[in-house]
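>>> Provided below are the primary sequence and the corresponding predicted coordinates.
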Amino acid sequence: MKVEQISVFLENKPGGLEHVTRVLADADINIRALSLADTSDFGILRLIVNDIDLAEKALKGEGLTIKRSHVVAVEIPDRSGGMLSISKVLTENNINVEYAYAFVEKSGENAIIIFRFNDIDAGIAALIKNGFTVLSGEKVYRL
Amino acid sequence: MIFNEEFETLPREALEALQLKRLQQVAGRVYHNVGFYKKAFDEAGVTPEDIRTLDDIKRLPFTTKKDLRDNYPFGLFTVPMSNIVRLHASSGTTGKPTVVGYTQRDIVTWSGLMARSLVAAGLTKNDIIHNAYGYGLFTGGLGVHYGVERLGASVIPMSGGSTKKQIMILQDFGPTAICCTPSYALYLAECGEGMGVDMRSLRLRVGIFGAEPWSENMRQEIEDRLGITALDIYGLSEVMGPGIAIECAEGRDGLHVFEDHFIVETINPETGENVPDGEEGELVFTSLTKEAFPLIRYRTKDISRLMKEPCRCGRTHARMARISGRSDDMLIIRGVNVFPSQIESVLLGIEGLEPHYELIVDRDGTLDTLEIRVEMSGDIFSDEIKSLQKIEKRITKDIKDYLGVTAKVKLVGSQTLKRFEGKAQRVIDRRII
């Protein structure tokens, strides 16, 4: 029930994001979701793509520093209080969120939230136990 | 004024006769007491008895920082530890520092030379001296301190840091002279002005500045902002510490090397051949009177030139021009000696880091800044910001712990720093001094 994400190191300077996205476009990679985290010096671009192996090969081929890691995708109805219901479960189970980002499905009915937990397995177990829909990687890559 | 009129104004002929006698003594002493020197002399095919004229010094082998490192910590001392009363240390080119030792008499000699320096700068026993050189393993703080006491003036043992407190003491204690690095003098001026203090109206009239390279422009600026006479002092811990050479207030044209205690030469750093007076070369010092840790022909890597014409102050001792550069890659950052190789060994000590780095040295206002750019590698990259910040903090802390300088660490993309086929050029020094 884990989703694989690819992260790219970016220096904080103009052109960095363009470079990465151009490499992905040239390799015909489709980005499903992304988040860009930044500090004063550097940024981390986190991506979920349709073909992670191909994306890794293309980015590495350009000398970029990348890392593959696992995150959790949770589907919730796109309405008020949706996020609250998840965070409540996380608090009750003492799960720490390292970071999260969200997007809305094409149909517009559901939102998908990508989480990075301190303990990924405990996070998934707690969400499933409380009736949340945790999406498989295959499903997210094909969205 | 001259502190030791007899020796500081010896006619050159008498001075050189004294140097020869002392050179013969010290060469004999190191040859018979230190295995390293015996071997080095033997390999060079020379014995102490071969020294018949001062010019014969050229037959003696050089001593380098590497030799000091190879004999770390006490291997080159000529006396047993029971005779050593003090140890100091300076940066080595790698992790280990260079250690120097002093006997009781060495401390007396050093204090005397420092007292000479203070008097050459126009100070007397009636002066109050604010000593902002660092106290500790660095020779600057204690070297100046003992010299002031030897002269009979008053010393304020400030050491470095606590700049606001320093400004308060400059106002309240009314020191008439200050000793520190030239960039710290400017920093004090800047902070004082920022606090609304009229730095020109303090009682300060003389500043003695050293431990880092500076220029006539900086001198002008320090003199204008602090309303003082600024003089250059030279020393390095391996040879003794501060007080090896000083500019006199009367001449202000080169630093008098106290030649009754040191022989100074300038050499071509490539060939090791001596260069004529007046020409630039690497300074080489032989200490003539040190008991615990005499050095024979120590290569300083500092570039200067020598002048032997008489000076208007009356001293007969040769003068060396302001240091114009280095023949190696040593950097001086806020008075601290830093070798790129030291930074490299700190980086390599951190798991996952690759030795691709670049050092950017700059000056922010009056203070030197060091930025270390380190290439990101697959091993340390993480999708979490806090792990990358942890690496940056770890590097900053290790650099501070091992080298004593504060650096700003910046992670950069992999393969973005230049690669070198020959000698690596990892330092970008943007300081204009």
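Great, that's in hand. Numbers count the residues shown, from 1 in each chain, chains lettered A, B, ... in the order given.

>>> Show me how the chain divides into domains.
All of this refers to chain A. Following automatic domain parsing, one gets these domains for chain A: A:3-69, A:71-141.

>>> Hmm, no, I was thinking of chain B.
According to automatic domain parsing, the domains of chain B span B:5-327, B:332-429.

>>> how about stretch A:90-109: buried residues?
By 16 or more other Cβ atoms under 10 Å in any protein chain shown, the buried positions in stretch A:90-109 come out as A:90, A:93, A:95, A:99, A:100, A:101, A:102, A:103. Where C-beta positions appear, they are placed from N, C-alpha and C, glycine not excepted.

>>> Could you count how many residues lie near residue A:60?
14 (other Cβ atoms under 10 Å in any protein chain shown).

>>> pull the CA atoms of stretch A:80-87 into PDB?
Written as PDB, here are the backbone C-alpha positions of stretch A:80-87 (Å, rounded to 0.1, in the frame of the first residue of the first chain):
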ATOM      1  CA  SER A  80     -15.000  20.300   4.600                       C
ATOM      2  CA  GLY A  81     -13.600  18.300   7.500                       C
ATOM      3  CA  GLY A  82     -11.900  15.700   5.300                       C
ATOM      4  CA  MET A  83      -8.400  16.500   6.400                       C
ATOM      5  CA  LEU A  84      -9.400  16.900  10.000                       C
ATOM      6  CA  SER A  85     -10.700  13.300  10.100                       C
ATOM      7  CA  ILE A  86      -7.300  12.000   9.000                       C
ATOM      8  CA  SER A  87      -5.200  14.200  11.400                       C
END
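
>>> Could I get the domains of chain A in JSON lines, plus columns for distance to chain B and mean pLDDT?
Below are the domains of chain A laid out as JSON lines (distance: least, Cβ to the nearest Cβ, whole Å; pLDDT from 0 to 100):
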{"stretch": "domain A:3-69", "distance to chain B": "4", "mean pLDDT": "94"}
{"stretch": "domain A:71-141", "distance to chain B": "6", "mean pLDDT": "92"}
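
>>> For the residue nearest to the spatial centre of chain A, give me its contacts.
Among the residues of chain A, the one closest to the centroid is residue A:114, at 4.8 Å (Cα atoms, centre = their mean). By Cβ atoms under 8 Å, 6 or more residues apart in numbering or on different chains, residue A:114 lies in contact with A:3, A:5, A:33, A:35, A:48, A:71, A:72, A:73, A:100, A:101, A:102.

>>> Give me the neighbour count for the spatially closest residue to the last one that is not a sequence neighbour.
Once flanking residues are discounted, residue A:102 sits nearest to residue A:113: 4.5 Å by Cβ to Cβ, 6 or more residues apart in numbering or on different chains. Counted with other Cβ under 10 Å, the burial measure for residue A:113 works out to 21 neighbours.

>>> now residue A:138
Number of residues near residue A:138 (other Cβ under 10 Å) recorded here: 8.

>>> Also residue B:207?
Neighbours around residue B:207, by other Cβ under 10 Å: 24.

>>> Bridged to it, which residues?
Legend: beta-bridge partners of residue B:207 under DSSP bridges are residue B:178, residue B:230.

>>> is it true that it touches residue B:233?
No. Look at residue B:207 against residue B:233 with Cβ atoms under 8 Å: they stay out of range, at 10.0 Å.

>>> A helix includes residue B:88, no?
No. Secondary structure assignment (DSSP: H, G, I helix; E, B strand; the rest coil) places residue B:88 in strand, not in a helix.

>>> Contact partners for it?
If you count contacts by Cβ under 8 Å, 6+ apart, then residue B:88 has B:99, B:100, B:102, B:137, B:138, B:139, B:142, B:237, B:241 around it.

>>> from memory residue B:24 sits against residue B:47, does it?
No. When contacts are counted by Cβ under 8 Å, residue B:24 is not listed as touching residue B:47 (11.0 Å).

>>> Show me where the chain has its helices.
Defaulting to chain A. In chain A, the helices defined using DSSP state H lie at A:16-26, A:52-61, A:82-92, A:120-129, A:137-141.

>>> Can you look at chain B instead?
B:5-8, B:12-33, B:35-43, B:65-70, B:104-120, B:139-151, B:163-172, B:182-194, B:216-226, B:340-348, B:385-403.

>>> picking up where we left off before, of the domains of chain A, which stretch is the most buried?
domain A:3-69 (a mean of 17; mean count of other Cβ atoms under 10 Å in any protein chain shown).

>>> so who does residue 132 touch?
Reading this off chain A. A:74, A:75, A:76, A:86, A:89.

>>> look at chain B instead
Counting by Cβ under 8 Å, 6+ apart, residue B:132 touches B:158, B:159, B:160, B:166, B:178, B:179, B:180, B:184, B:188.

>>> Check the spacing between it and residue B:190 real quick.
As judged by Cβ to Cβ, to the nearest Å, residue B:132 and residue B:190 stand 14 Å apart.

>>> Go through stretch B:109-119 and flag the buried ones.
B:109, B:110, B:111, B:112, B:113, B:114, B:115, B:116, B:117, B:118, B:119.

>>> excluding its backbone neighbours, what's nearest residue B:203?
Leaving aside its chain neighbours, residue B:203 sits nearest to residue B:174 (4.3 Å; criterion: Cβ to Cβ, 6+ apart).

>>> Let me see the contact set for residue 124.
Since no chain was named, I'll use chain A. If you count contacts by Cβ under 8 Å, 6+ apart, then residue A:124 has A:1, A:2, A:72, A:134 around it.

>>> try again with chain B
Residues in contact with residue B:124 (Cβ under 8 Å, 6+ apart) are B:1, B:151, B:153.

>>> Wait, the last one touches residue B:118, no?
Yes. Applying Cβ under 8 Å, one finds residue B:153 in contact with residue B:118, separated by 6.9 Å.

>>> which residues do those two both contact?
Contacts common to residue B:153 and residue B:118, judged by Cβ under 8 Å, 6+ apart, are B:127, B:129.

>>> Next to chain A in this structure, residues from chain B, please.
Residues of chain B that fall close to chain A, judged by Cβ under 8 Å from any Cβ of the partner chain: B:376-378, B:381-386, B:388-389, B:392, B:410-416.

>>> List buried residues within those residues.
Burial by neighbour count, 16+ other Cβ under 10 Å: within the residues of chain B next to chain A this picks out B:376-377, B:381, B:383-385, B:388, B:392, B:410-414.

>>> Show me the two of these that sit farthest apart.
Using Cβ to Cβ, those span at most 19.4 Å, a distance reached by B:383 and B:410.

>>> tell me the centre residue of chain B?
Note: chain B centre (Cα atoms, centre = their mean) maps to residue B:236, 3.8 Å.

>>> give me the beta-bridge partners of it?
Residue B:236 forms beta bridges with residue B:241, as assigned by DSSP bridges.

>>> So it versus residue B:298, what's the distance?
Here the criterion is Cβ to Cβ. By it, residue B:236 lies 9 Å from residue B:298.

>>> Also residue B:63?
According to Cβ to Cβ, residue B:63 stands 5 Å off from residue B:298.

>>> for residue A:13, same thing?
Counting by Cβ to Cβ - residue A:13 and residue B:298 are separated by 45 Å.

>>> now do residue B:71
In terms of Cβ to Cβ, residue B:71 sits 13 Å off from residue B:298.

>>> higher neighbour count, the two?
residue B:298 (22 against 17).

>>> surely that one meets residue B:244?
No. In this structure residue B:298 lies outside contact range of residue B:244 using Cβ under 8 Å: 11.0 Å.

>>> list residues touching both of these two?
With Cβ under 8 Å, 6+ apart as the test, residue B:298 and residue B:244 both reach residue B:285.
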